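1. what shape does this take:
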Amino acid sequence: LDADNYETDPCLKEIRRAENYSWMDIVTIHKDKLPNYEEKIKTFYEEHLHLDDEIRYILDGSGYFDVRDKDDKWIRISMEKGDMITLPAGIYHRFTLDENNYVKAMRLFVGEPVWTAYNRPADDFPARKQYVKFLAEEA
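-> Numbers count the residues shown, from 1 in each chain. Predicted coordinates:
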């Protein structure tokens with residue numbers, strides 16, 4: 001994706017239309033830009049899940065999403081400018097910055113945003129059960 005021209009990028013526009021990503025905002029994670037930076041960084045790094053998909057598009061900077069594989073081992077996903085990721089509802093994950101300590105990201109949602117993170121363990125939620133079932137079917 002063309003992060004330098006995200007406002008007019010036809011590929012991003014098509015993704016948003018096809019996936020029904022009707023809501024978006026932009027967040028900058030940097031000590032000089034994000035209120036309560038230290039607290040937020042710790043929160044992002046706590047292993048958690050959401051009941052909705054988490055969609056992030058990196059407009060500038062870089063960082064890591066860590067997710068659990070089917071054997072509950074960590075997989076680190078490096079994200080940089082131009083990358084987009086969709087973490088399915090129910091997947092345990094966390095986010096951290098890299099040594100640059102800066103990322104600017106677009107957050108996308110289907111409908112109104114839901115910001116609630118459920119720290120592990122959160123295995124009783126239907127979204128988690130559906131995700132675990134999906135993993136079993138894929139294996």
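2. contacting residues around the longest strand belonging to the chain?
-> Ranked by number of residues, the top strand in the chain under DSSP state E is strand 54-68. Residues outside strand 54-68 that contact it (CB atoms under 8 Å, 6 or more residues apart in numbering): 1, 3, 6, 12, 19, 21, 26, 29-30, 74-87, 91-98, 100, 102-109. From N, CA and C alone the C-beta is placed, and that goes for glycine too.
3. how about stretch 29-37?
-> Contact partners of stretch 29-37, identified using CB under 8 Å, 6+ apart, comprise 27-28, 38, 40-41, 44, 61, 63, 97, 101-105.
4. also stretch 108-121?
-> Contacts for stretch 108-121 (CB under 8 Å, 6+ apart): 16, 19-25, 43, 46-53, 55-57, 92, 107, 125.
5. among those residues, which lie within helices?
-> R16, E19, T43 (DSSP state H).
6. which of the contacts of stretch 108-121 count as buried?
-> The neighbour-count criterion (16 or more other CB atoms under 10 Å) marks 16, 21, 47-50, 52-53, 55-57, 92, 107 among these as buried.
7. distance to A117 and pLDDT for these - can I get that in CSV?
-> As requested, the buried ones among the contacts of stretch 108-121 are exported to CSV (distance: CB to CB, whole Å; pLDDT from 0 to 100):
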residue, distance to A117, pLDDT
R16, 23, 98
Y21, 20, 97
E47, 10, 98
H48, 4, 98
L49, 7, 98
H50, 6, 97
D52, 11, 96
D53, 13, 97
I55, 15, 98
R56, 14, 98
Y57, 19, 98
Y92, 11, 97
R107, 13, 98
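8. identify the farthest-apart pair in those.
-> R16 and E47 (28.8 Å; CB to CB).
9. how many neighbours does E39 have?
-> Neighbour count of E39, defined by other CB atoms under 10 Å: 10.
10. now do the helix or strand harbouring it, average pLDDT.
-> Here E39 sits within helix 37-45, counting by DSSP states H and E. Averaging the model's pLDDT scores along helix 37-45 yields 97.
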